[in-house]
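[1] The amino acid sequence is not available; the structure is as follows:
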């Protein structure tokens, strides 16, 4: 049936063109066995919504594009809005802000190309605000009742009613909330509407077309160099999404500094590559060419010459040089600056967005509908003295035990998969080693592609695939066990899920890097007494140039792979789903493709949409802090990814997803604590990487204590770092099958006494000198960085002085306005001869004004 009305259905109003659509519910009338039960629930639910004061209008399925879906449009009238604005403690304007703006920045003219128009950056004037009260309506700046509450405030209020509206009693339990109705299929979707199509302004002059503005000024990649319109994002999507983009933008700005310093350190390594004495000696045919190395695996591998690792030793100098040490210390301080300056930025946003008195907003502290539904026992709340549901301690303990055991099992599963990858490395390593030495087919690349590197690259790729598979399953398990725990509030639910997911992701993404950084090549033994894993596979050795280049490879593959996969998942998957869903609608005239249907065909952002965005960025933060000593280019990779990430996130939110329900948040929540923990851990890991994974300390010990050549102190280092083994001492298990050139001795990477020494093959004194130097370096570096970190944190106040002053000024003026209003009311009542308005009341109100001035 064609719509009989001639006006466009691309509208955000009811059929009367006056009442705004604040929310839409959709359902399909499928005639299955549950049909009658669903119909009954819907009738009861919609009847209760109307009793709560909401106005409904239903679009018949004949009107819908596919002829199957019913749409229920919901409008919240003024009376409902003001009632729930008071319940939700929503702050509304009482007077325009008269505090003069900040002094202009002298760099403003330089930053002009990065600025957005003033109307986009600040879509509405700054006001002094106060919590809404029905009794004081004349106090607020109510010019027009239909626009006084912004669409995001309106959809928040309607969502609050929807989540708590009952729909009947089943199995003796009272059932309520739209979430349950969505889960049991009574409704198929519930969402607020976007205000227009993203690619063109709305034809209705009463519509602000904020979605179009956001798309044009923010969500297109060509605007990547522009600042973000945070006030408009907050106005359209709510504070919770606003603060995520503020944090992501700030993190990206701070990465710029780290990326520049990292690039300088990398270039230093590149330009000093030819001066590196170690790789010169390895590549020299008369030195490296004459050093015969012990076989890399038992039986099948042959003896090999050190100069075959020439190229890999040159490349390892790119990341293993003095600049690496400087960069590790710099990043320890950068992390502190980032976290401290973010606290200041957050404090400024808190003031600008009226979140100063918002502790854990009532909506967050209020019980989750699922908690109320599942907890049948009640007890008295000591604060409110009201009866409320609670979960008995025994039930909580059982649920926590099951939850803890599940998390432990999955973490064990990751560790088991990591051991499997290590076994793969050991098994394949022997194959690569014998293959690369016995065949001429790999000759052209064997110089760069050593057995160690070939194993590392393939193992890293395999590890990345396993990480992604485990992630896919664990995400579902984590949500299931958090639901099973029945957290009391929304805040509690998010925090518990965050900790579970982060713990898992931390072990999943970083365990392989920890293995290469701190375990690989450390427990090898020596020729004739090698250590074996499960008594079968010989432990891996590091490349003669060190293990750092392998850690770099591992980090690059996992980090870059994760970022590429993340962007494909975030942008391309929703786009394909939406294209598939909309393919039929494209045949219809545009004015018959209604606004609620257009939004229905988009993807749902979901309650955990933002959670996954934070998780992705925090895991990336770990890569650029925990292992940055091995890869100075990591911040540059992260910066390039984040410039893209901001635009991909904004594009998908504006164009591919339904409008999320606005929610408040005054900070990034538990993620702040996680970032603080990682910042402290990063100092320790980087100190250990420089000490144990890189060759920095052995080289310095040789330079100062063992060098015999004053003109070239580092010459002879390679010979000094390799111990001697007598081939005739090989047990049968280790001895190569062939020795065509009849070598007598071979060399291996360690500090042990030679075979003719009385302490043959025991660790030499130089080994203990180096170990002592490594431990001393770790202690010194950690203490220096921690002292600087804590000093910087102490020096930088969390709240800027001007923001503190503004908060005090606003509190004083707001109290003054409220008290003046009360005085006026009292005077009116006195004039009218109201006996209740006594002189005492009048004096008390004036006293409160004096007190607020003094404060």
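    That came through, no problem. Please read these numbers as outputs of a predicted model, since none were measured by experiment. Numbers count the residues shown, from 1 in each chain.
[2] Show the contacting residues for residue 752.
    526, 723, 761, 762, 763, 764, 767 (CB atoms under 8 Å, 6 or more residues apart in numbering). C-beta: built from backbone N, CA, C; applies to glycine.
[3] out of these, which one sits closest to residue 634?
    Nearest to residue 634 among the contacts of residue 752 is residue 767, at 31.6 Å by CB to CB.
[4] I figured that closest one was touching residue 751, is that so?
    Yes - taking contacts as CB atoms under 8 Å, residue 767 lies within contact range of residue 751: 3.7 Å.
[5] So which of these two has more stuff around it?
    residue 751 (19 against 16; other CB atoms under 10 Å).
[6] spatially speaking, which residue is in the middle of this structure?
    Taking CA atoms, centre = their mean, the centroid of the chain lies closest to residue 614, which sits 2.4 Å from it.
[7] Tally up the residues packed near the residue lying closest to residue 485 once chain neighbours are set aside, please.
    Using CB to CB, 6 or more residues apart in numbering and skipping the chain neighbours, the partner closest in space to residue 485 is residue 399 (5.0 Å). Residue 399 has 15 neighbouring residues, counting by other CB under 10 Å.
[8] now for the helix or strand harbouring residue 399, which elements pack on it?
    Assigned by DSSP states H and E, residue 399 belongs to helix 393-438. Judged by 3 or more CB pairs under 8 Å, 6 or more residues apart in numbering; DSSP states H and E, helix 393-438 is in contact with helix 451-485, helix 490-518, strand 532-533, strand 537-538.
[9] relative to helix 451-485, how tilted is that helix?
    Calculated by axes from the mean of the first three to the mean of the last three CA atoms, to 10 degrees, helix 393-438 forms an angle of 170 degrees with helix 451-485.
[10] Tell me how far helix 393-438 lies from the chain's centre.
    24 Å (CA atoms, centre = their mean, to the nearest Å).
[11] Over to residue 371. Which of the three states is it?
    helix (DSSP: H, G, I helix; E, B strand; the rest coil).
[12] follow-up on the earlier one: who's in contact with the residue nearest to the centre of the chain?
    Counting by CB under 8 Å, 6+ apart, residue 614 has contacts 244, 498, 668, 671.
[13] same deal with residue 33?
    Contacts of residue 33 by CB under 8 Å, 6+ apart: none found.
[14] Confirm for me that residue 475 is in contact with residue 501.
    Yes - the pair residue 475 and residue 501 passes the contact test of CB under 8 Å, sitting 7.2 Å apart.
[15] Any figure for the gap between residue 269 and residue 321?
    Distance, residue 269 to residue 321, using CB to CB, to the nearest Å: 5 Å.
[16] Of the two, which one has the most company?
    residue 321 (24 against 20).
[17] Report the separation between the more buried one and residue 704.
    Counting by CB to CB - residue 321 and residue 704 are separated by 17 Å.
[18] cool, and residue 517?
    With the distance defined as CB to CB, residue 517 ends up 26 Å from residue 704.
[19] what is the orientation angle of the helix holding residue 399 with helix 490-518?
    Going by the same axes, to 10 degrees, helix 393-438 makes 30 degrees with helix 490-518.
[20] May I ask you to confirm that the residue nearest to the centre of the chain belongs to a helix?
    Yes - counting by three-state DSSP, residue 614 is found in a helix.
[21] and it, what pLDDT?
    The per-residue pLDDT reported for residue 614 equals 92.
[22] quick one: the strands in the stretch 601-750 of the chain?
    722-726, 745-749 (DSSP state E, counting those that start in this stretch).
[23] helices or strands up against the last one?
    Which is strand 745-749. So strand 745-749, by 3+ CB pairs under 8 Å, 6+ apart, packs with strand 292-293, strand 722-726.
[24] Residue 190 is nearest to which of those strands?
    Of all these, strand 292-293 comes closest under CB to CB, at 67.9 Å.
[25] right, and the helix or strand after the closest one?
    Downstream of strand 292-293 (by DSSP H and E), the next one is strand 304-305.
[26] Which neighbouring elements make contact with that next one?
    strand 292-293.
[27] neighbouring contacts of the strand it packs on?
    So strand 292-293 is contacted by 303, 304, 305, 306, 544, 722, 743, 745, 746, 747, 748 (CB under 8 Å, 6+ apart).
[28] let's see it at 7 Å
    If you take CB atoms under 7 Å, 6 or more residues apart in numbering as the criterion, strand 292-293 is touched by 303, 304, 305, 306, 743, 746, 747, 748.
[29] Report the buried residues of stretch 743-753.
    746, 747, 748, 749, 750, 751, 752, 753 (16 or more other CB atoms under 10 Å).
[30] The third one bridge partners, please.
    The residues listed as beta-bridge partners of residue 748 by DSSP bridges are residue 723.
[31] Numbering from 20 from now on, please.
    New numbering, starting at 20: the last item is residue 767.
[32] so how far is residue 313 from it?
    Distance from residue 767 to residue 313, by CB to CB: 5 Å.
[33] pLDDT on stretch 661-676, on average?
    On average, stretch 661-676 scores 92.
[34] Could I get the buried residue list for it?
    661-662, 664-676.
[35] For residue 114, give me the backbone phi and psi.
    phi -160, psi 150 (degrees, to the nearest 10).
[36] does the closest residue to it other than its chain neighbours count as helix, strand or coil?
    Among residues not flanking residue 114 along the chain, residue 147 sits closest, at 4.8 Å (CB to CB, 6+ apart). Assigned by three-state DSSP, the conformation of residue 147 is strand.
[37] isn't residue 147 right up against residue 113?
    Yes - Residue 147 is within contact range of residue 113, at 5.5 Å (criterion: CB atoms under 7 Å).
[38] what is in contact with these two at once?
    Joint contacts of residue 147 and residue 113 (CB under 7 Å, 6+ apart) are residue 833.
[39] circling back: among the buried residues of stretch 661-676, which two are most distant?
    Of all pairs in the buried residues of stretch 661-676, the most separated under CB to CB is 662 and 676 at 21.1 Å.
[40] buried set for stretch 33-45?
    Those would be 33, 38, 39, 40, 41, 42, 43, 44, 45, for stretch 33-45 by 16+ other CB under 10 Å.
[41] wait, the third one sits on residue 95?
    No - Residue 39 is not in contact with residue 95 according to CB under 7 Å; the separation is 8.5 Å.
[42] re the thing from before, quick one: the helices and strands packed on strand 764-768 as CSV, columns for mean neighbour count and distance to residue 653 too.
    Formatted as CSV, these follow (neighbours: other CB atoms under 10 Å; distance: least, CB to CB, whole Å):
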stretch, mean neighbour count, distance to residue 653
strand 311-312, 18, 32
strand 741-745, 20, 31
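[43] Using TSV, lay out those together with mean pLDDT and distance to residue 302.
    Putting these into TSV (pLDDT from 0 to 100; distance: least, CB to CB, whole Å) gives the following:
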stretch	mean pLDDT	distance to residue 302
strand 311-312	90	15
strand 741-745	92	15
